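# quick one: sequence plus predicted model below, questions after.
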Amino acid sequence: MTDTLTPQQRSHAMRRVKATDTSPELAVRRALHAKGYRFRLHRKDLPGKPDLAFPSRRAVLFVHGCFWHGHDCKRGARTPKTNTDYWLAKIARNKARDARNIEALNELGWRNLTVWECELADKAAAIARIERFLDAPGRGTSP
């Protein structure tokens, strides 16, 4: 299947894909703020510019889109029908970058948690998981 958009139209469409303030990220931020958690957004001084950073807890939170970060759910595991080689390589690079960032955060003594877009279908369970992570003592990586 060929791309039905011109290169200019495709470029415009891709520029509109947001990296920050996505719907899943905003939902998590609102829920955590309502529960009294305070955080910093997109700290550039930390590897990977985590979506939310909790400095007093030495914890960070990433809210990942399933497709863009290659999650193993139905949405994340689908293979694009057009430009397949490009997208598979792009997602593989994203996953490798995420792994490097998590390792760097661990070396700096920061705990981290990744929340996947698909997990927010059950928002209450996702927020409860985040709360357990934030309230847990110690250092380490959570799935």
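Received, thanks. These numbers come from a predicted model, not from an experiment.
# now Gly48, nearest residue through space, not along the chain?
By the measure of Cβ to Cβ, 6 or more residues apart in numbering, the closest residue to Gly48 outside its immediate chain neighbours is Asn101, 3.1 Å from it. For the C-beta atoms, the positions are set from N, CA and C on the backbone; glycine is no exception.
# the one you found falls within a strand, correct?
No. Secondary structure assignment places Asn101 outside any strand; it is helix (DSSP: H, G, I helix; E, B strand; the rest coil).
# distance-wise, check it relative to Asn83.
26 Å (Cβ to Cβ, to the nearest Å).
# looking at the two, which is more packed in?
Asn101 (18 against 13; other Cβ atoms under 10 Å).
# quick check: that one vs Gln8, distance?
Taken as Cβ to Cβ, the span from Asn101 to Gln8 is 32 Å.
# could you do Ala126 as well?
Shown here: Ala126 relative to Gln8, a distance of 38 Å by Cβ to Cβ.
# looking at these two, which is more packed in?
Neighbour count, other Cβ under 10 Å: between Ala126 and Gln8, Ala126 has more, with 21 against 8.
# count of neighbours near His12?
When neighbours are counted by other Cβ under 10 Å, His12 registers 11.
# average model confidence for the helix or strand where it lies?
Counting by DSSP states H and E, the secondary-structure element that holds His12 is helix 7-15. Mean per-residue pLDDT for helix 7-15: 76.
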